[in-house]
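Student: predicted model follows, preceded by the sequence.
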Amino acid sequence: MASPGLQSHYDDANPADQEPLPQLDDIKVDYHPHSQIPSTIHHFADFSRTRPTEASVPRNHAPWEPFRTRLDFEVAEITLEAALNADQTNRLLSLVHRSARSDETFTLRNHDEVRELWSTASQHFTPFQVDVVSVPYKNKVHEFDMHYRPLWEWALDMLRDRRLAPHFVFDAQRLYKFNGTRFSRLPPEAKPLAFILYADKAKLSSFGTQKAYPIVCRIANLPVEIRNGTGLGEQVSEDPEHAGKSSFVNFKNAVWHESFLKLLESVIQISRTGYWFECGDAIRRLLWPLILILSADYEEQCVMALIRGLKGKFPCPICLVPRDEQSVLSHELQLRTSAESEETLRLARAKKSKKERENLLKTYSLRDVENVFWRMLLTDIHRALSFDRMHVHHGGLWRHHLWKELQFWILELGREAVAEMDANYDAFPRWSNLTHFSKVVGVDFNDSSHHEDISKMAIFAAQRILRRSQSKLGYLLLRCIRHYIDLDIYAGFEVHTEGTISAGRQALRDFSALMEEYILKSQPVTGKDWNFPKKHASSHLFDDILAKGATRNYNTKPNEKMHGPVRDIYHNRTNFKDVATQILRYDHWLLTSTSMRSELDELDEYNRKANLPTTEDADAENPAISVAPAPCTHIKLGSAQGDISFASLEQSHADDRAFVGFRVKLNGFLNTFFPSNDIPLPDGKRIHLQADNKITRYKYLQVNYESMVNWRQCRDLLRCNPEFFGSPRYDCVMVQTNNQPFFARLIFMFGCSIGETNLSLALIHPYDVGIGVRSKHDTELGLWRVRAKPRSSPEFISVRSIIRGAALASDPGRQGDYFVIDTVDADMFLRLKYLQA
């Protein structure tokens, strides 16, 4: 296209005008005939110049609008580019306002200065260092970088921190809780100074071309909420020429143990002599380090224990279970020990030939590599290896075996059964910390947490499909799954007593016995081999709990969550070269930042308290002030919807039988409720609410309750909302009575004032119709059935009588019947156990 400011020569039809001759490199522009614009010729130099702007005056003198100022826009622009979340955005805006008020001086000038200051500040903590690990293979020495913090120096950083000092437990404890008859013993705590180590490979890049090997360390003497750790290594690349060869596998294992030696070197000698150290509480202690727990999936456990894995004669890193007996969980088996493994390797290396050496090592499924953990005093590698609930249960036994087997029997029944299964999952109520699925059959979920949630709902979704009369083996598998779920819930308890461990062992025995029956009957049909390590691993579950505490101490789930932040640092904070150094530098700065933030919060809290008037000061200033009674901490109504009269309420719900005679029924409830709770009636007269009296509507209820598992406060957030994110949501609750609790669905929540008494009430749909003798089907599948009263028979309750929220699944085979989903959490699981007893 021609530009208006460029010199041009138009073709002219008038022969009287002399047409200029084109010059070398001139550009001719022909327009479409319909445009009726004549052709133009431009000199090349002119045509190449930038087109001049039409006007020098900006079109908009306030282009930042609707932002109020340019500064507002530019700050918002940064939050957008950096993808800051709500909390980070609010913190940034708060800092901008603080700077504008001139309360503090802001001196940072540029990015380089910020980096320099972080580097200076981070010197307060043990830095990462890099060493080269050299291991010979095929007449060549191979070298690998190992980036790590020396374990002992890192531990001393933790020990000298005065904020952590009150939380360290150095003396072993045995706790008891009185259960009304006797004190129930809790398993003993860990010994000082005990380390928990986790290691696993991680993919940093999307296609897995860039890998790392994070190592996470935690101190078991600290509460589980506080522990932290560090480390990063290189992974040996697979060489197609040598992959799978015994010598190459031994080489990779040797690299792993030589690398781990770098991490442990600072601790190994101290594990033999002890170390006097003045901790953050100013008390000198003689510390004896040991590795109490190794947290890893099966593949890494084989590397740690230096066994031959799946194909070895004894695939378990903890005991000597034969490969073809892993499906039987009731056998008493010989446990491995570090001393025996070390002695076996010594005897094997004394053999004259390589073949003799290999034959002896294969007898015990050991590898020809020295184990770094043998150098640690008070540490037995086979006792330190621990049950990994995430990989053994959710991502292993359930995902690859029980769930696939369940889908096999569903698919055997045809498309209608598959559609019904998916529909049942989609019909489950939304519940906190429980993933909602619209389709599950044939869908491959990678996240073990999703598989945990699928397993929690499987019984309720499949119980009407896999009936005994329709699929005997499918029904038998469903019974096995019920016992598996019980076992998994016991495995996940945060606190154990003698009673829960005994119940857990019984669940394991029940699961094992029923699985043996299922395997025997189903193998001719399915051809499935149930001899695999993750089937066998549960046999060590409760021994681990007795020795090392609850499984959350050694579950890999919290450790694998750290892979995500490492990947984020790789993608957002590196130039994809020399990534280990960059990742660990940023991680070190994050540790520094977290520590400084903690000290700042501590300082702010101290100053806040110092500036508060004491109780005596407040009384002296205003002796007339009285302390209001503490509000009920058990419940809290929220999302108030304003006031409404009884007449308007009944009219707006005229088509709902539950609201028929709402005011009259409420009068009857209140006239009974007040005397039974020793609340005086207003002026001593019966309550007669009028049609124009008003109440306040609420859509949200927070219920705080004490967990029956760990006796700590838990919270349910419940909804009673006709349109919650586009759909009606009326949650269910467990209601306390003088006798047995019952279940109900919230219909309407409101607050009202009677005289000087303020009440928080709810209209509920009770599910307390008598069931009679529970069916064999319900009993064998562990189902607790409840039955709804007619909608026209609602009841009023005080919301204070609500024990906690409940998730109920409808029974597709019987309208008005529901099953209490006891698998949503361990507390509901125990409450249902007591009801069933």
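Tutor: Arrived safely, thanks for sending.
Student: what does stretch 147-154 contact?
Tutor: Stretch 147-154 has contacts (CB atoms under 8 Å, 6 or more residues apart in numbering) with 126-131, 195, 215, 217, 229-233, 262-267, 270, 275, 289, 580-581, 584. Backbone N, C-alpha and C define where each C-beta goes, glycine included.
Student: please identify the buried residues of that stretch?
Tutor: Neighbour-count burial for stretch 147-154, with 16 or more other CB atoms under 10 Å as criterion, is recorded at H147, Y148, R149, P150, L151, W152, W154.
Student: got the CA coordinates for stretch 481-501 in CSV?
Tutor: Taking Å, rounded to 0.1, in the frame of the first residue of the first chain, the C-alpha atoms of stretch 481-501 are listed here in CSV:
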residue,chain,number,x,y,z
ILE,A,481,-12.9,-53.5,49.1
ARG,A,482,-15.0,-52.7,52.2
HIS,A,483,-12.3,-54.4,54.4
TYR,A,484,-9.5,-52.6,52.4
ILE,A,485,-11.2,-49.2,53.1
ASP,A,486,-11.4,-50.0,56.8
LEU,A,487,-7.8,-51.0,56.8
ASP,A,488,-6.7,-47.8,54.9
ILE,A,489,-8.6,-45.6,57.3
TYR,A,490,-7.0,-47.2,60.3
ALA,A,491,-3.7,-46.8,58.5
GLY,A,492,-4.3,-43.1,58.2
PHE,A,493,-5.2,-42.4,61.8
GLU,A,494,-3.1,-39.5,63.2
VAL,A,495,-3.2,-40.9,66.7
HIS,A,496,-3.3,-44.5,67.7
THR,A,497,-4.3,-46.3,70.9
GLU,A,498,-4.0,-49.9,71.8
GLY,A,499,-7.7,-50.2,70.8
THR,A,500,-7.3,-48.7,67.3
ILE,A,501,-4.2,-50.8,66.6
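Student: what packs against the host helix or strand of L95?
Tutor: Assigned by DSSP states H and E, L95 belongs to helix 86-100. Packing partners of helix 86-100 (3 or more CB pairs under 8 Å, 6 or more residues apart in numbering; DSSP states H and E): helix 70-81.
Student: quick one: residues in contact with the helix it packs on.
Tutor: By CB under 8 Å, 6+ apart, helix 70-81 touches W64, F67, L84, Q88, T89, L92, L93, V96.
Student: about what we covered before: immediately after the helix holding L95, which helix or strand?
Tutor: Defined by DSSP H and E, the subsequent element after helix 86-100 is helix 111-121.
Student: in that following helix, what counts as buried?
Tutor: Buried-residue list, helix 111-121, by 16+ other CB under 10 Å: W118.
Student: other SSEs contacting that helix?
Tutor: Contact partners of helix 111-121 among helices and strands, from 3+ CB pairs under 8 Å, 6+ apart: helix 579-611.
Student: now find how far off-centre the helix it packs on is within its chain.
Tutor: 24 Å (CA atoms, centre = their mean, to the nearest Å).
Student: who are the packing partners of that helix?
Tutor: Packing contacts for helix 579-611, counted by 3+ CB pairs under 8 Å, 6+ apart, involve helix 111-121, strand 140-148, strand 211-219, strand 232-233, helix 563-573.
Student: go through that helix and flag the buried ones.
Tutor: Neighbour counts over helix 579-611 (16+ other CB under 10 Å) mark 579-580, 582-589, 591-592, 595 as buried.
Student: and the end-to-end length of stretch 375-391?
Tutor: 28 Å (CA to CA, to the nearest Å).
Student: re earlier: got a list of contacts for the helix holding L95?
Tutor: V75, I78, T79, L84, E104, F106.
Student: what mean pLDDT does that helix get?
Tutor: For helix 86-100, mean pLDDT rounds to 89.
Student: how about stretch 546-562?
Tutor: Rounded mean pLDDT across stretch 546-562 is 86.
Student: the nearest residue to R367 once chain neighbours are set aside and P317: what is the separation?
Tutor: Distances taken as CB to CB, 6 or more residues apart in numbering put L306 closest to R367, at 4.5 Å, once the chain neighbours are dropped. Distance of L306 to P317, computed by CB to CB, to the nearest Å: 9 Å.
Student: same question for N253.
Tutor: 13 Å.
Student: next: W288.
Tutor: Distance of W288 to P317, computed by CB to CB: 25 Å.
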